[in-house]
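Chemist: using only what follows, build the 3D model:
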Amino acid sequence: MEKRGTGYVFVVFFVALALSAATVSKLRAEEVNWTFFTYLPSTDRVVSLYRSAFDDLLKSSNGRFKVNLHSAGELPYKPVDAIKITASNQVQLADAAVGFVAGDAPELNVLSMPFLCTTFDGYFKTTQAIAPIFEEDLMNKFKISVLFHWTNPPQNVWTAKPIKALEDFKGMKIRAWNPEQVTMLRTLGATPVSIASDEVPSSLQRKVIDGAITSALSVSDWKLYEFVNNGLMINFAIGNQFVLMNMDAFNKLPKDLQQLLRQKSKEWYVKFQESTPKFEMDARKNIQEKGIALNELSPADFEKARKMMRPMWEEWANKHGPVAQKLLGEVTKAMGN
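Modeler: Have a look, this model is predicted:
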């Protein structure tokens, strides 16, 4: 039997070591750590959904794909930064409210138009129609993609004195939190007051304002039922949210992780679709138990308000060009407006 020298043993050892290092390097190359930013606080119910989703991704990838979730205050970013920080790959995923990022993409803010989309069913039907338009626009302008869409609960008007007809808006000072709401309130004869979310309870308590625009979920979580006892349930806008994704980061993923992420995003969309209406219904039940009366406009007043808002829709679309015009057309068609 041929004897092998010491040099041969060292060659075999170093070859084996190099192969082992290459294997480890390959495994590490396929291990992914992404950063996700949300402007929502860590205690928010939606953040708990995100945590569950990313835990699911980690488990389904056998530990290879980790998304590190950072909620409000953990990163030096604001809600309006979502497009910028995703496009620049400071984060690979970002939670974005279309209204907040309208400074960067005003043509996408179609669902902020008051009385345009007023039901959950309408929202989910609408987003199926407009998602490809969002995708194309964001790719062309920023090289980012939408992982999936979801919605915040509908926006309604909460006051101490009841509003049951359009004429009841006249003279009331009501908190608004975006330009579309300011225009809507002025059109209805109310005085809009811009106040940050954390100032709403104290402003109501001190009667600086007569009411506020927000969701039933916020009324419940912020305990606004201590200062208001009426809600006008017109669902005049349902907040369009989406999760943005940096496409360079996505394209660098191993193919199997790309497929897994796309597959999981479809599953997460369904869970968000089921959960948000439930959050809203639970909140409405809670605030009713706290003594809040839920009022509605008459069908005639509701349609009158919608007709009053239509010029705003058309002005917005004409101002922001072909993409905005196409989006408005798709939404009005989906909603039967």
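Chemist: buried stuff in stretch 197-207?
Modeler: By neighbour count with 16 or more other CB atoms under 10 Å, stretch 197-207 contains the buried residues 200, 203-204. Heads up, the C-betas are built off the backbone N, CA and C, glycines and all.
Chemist: for it, how far is the first residue from the last?
Modeler: End-to-end span of stretch 197-207 (CA to CA, to the nearest Å): 16 Å.
Chemist: on that earlier part again, now, which of the buried residues of stretch 197-207 lie within helices?
Modeler: Using DSSP state H, 200, 203-204 are the members of these that sit in helices.
Chemist: pick out the lowest-pLDDT one from those residues.
Modeler: On pLDDT alone, Val200 ranks lowest of these, at 91.
Chemist: in what helix or strand does the spatially most central residue of the chain lie?
Modeler: Geometric centre of the chain, nearest residue: Gln241, 2.3 Å, by CA atoms, centre = their mean. Secondary structure assignment for Gln241, by DSSP states H and E: strand 230-246.
Chemist: any idea of the mean pLDDT for that strand?
Modeler: 94.
Chemist: which element follows that strand toward the C-terminus?
Modeler: Per DSSP H and E, the first helix or strand lying C-terminal to strand 230-246 is helix 247-251.
Chemist: next, the buried residues of the helix or strand following that following helix.
Modeler: Sequence-wise, the next helix or strand downstream of helix 247-251 (DSSP H and E) is helix 255-289. For helix 255-289, a neighbour-count test (16+ other CB under 10 Å) marks 257, 260-261, 264-265, 268-269, 272-273, 276-277, 279-280, 283-284, 286-287 as buried.
Chemist: name the helices or strands packed onto helix 255-289?
Modeler: Counting contacts by 3 or more CB pairs under 8 Å, 6 or more residues apart in numbering; DSSP states H and E, helix 255-289 is packed against helix 45-60, strand 65-70, helix 120-142, strand 144-159, helix 216-221, helix 247-251.
Chemist: and it with helix 120-142, angle?
Modeler: Orientation check (axes from the mean of the first three to the mean of the last three CA atoms, to 10 degrees): helix 255-289 against helix 120-142 gives 140 degrees.
Chemist: centre of the chain to helix 255-289, how far?
Modeler: Here helix 255-289 is found 11 Å from its chain centre; the criterion is CA atoms, centre = their mean, to the nearest Å.
Chemist: start the count at 412 instead of 1 going forward.
Modeler: Understood, numbering begins at 412; the last thing we discussed is helix 666-700.
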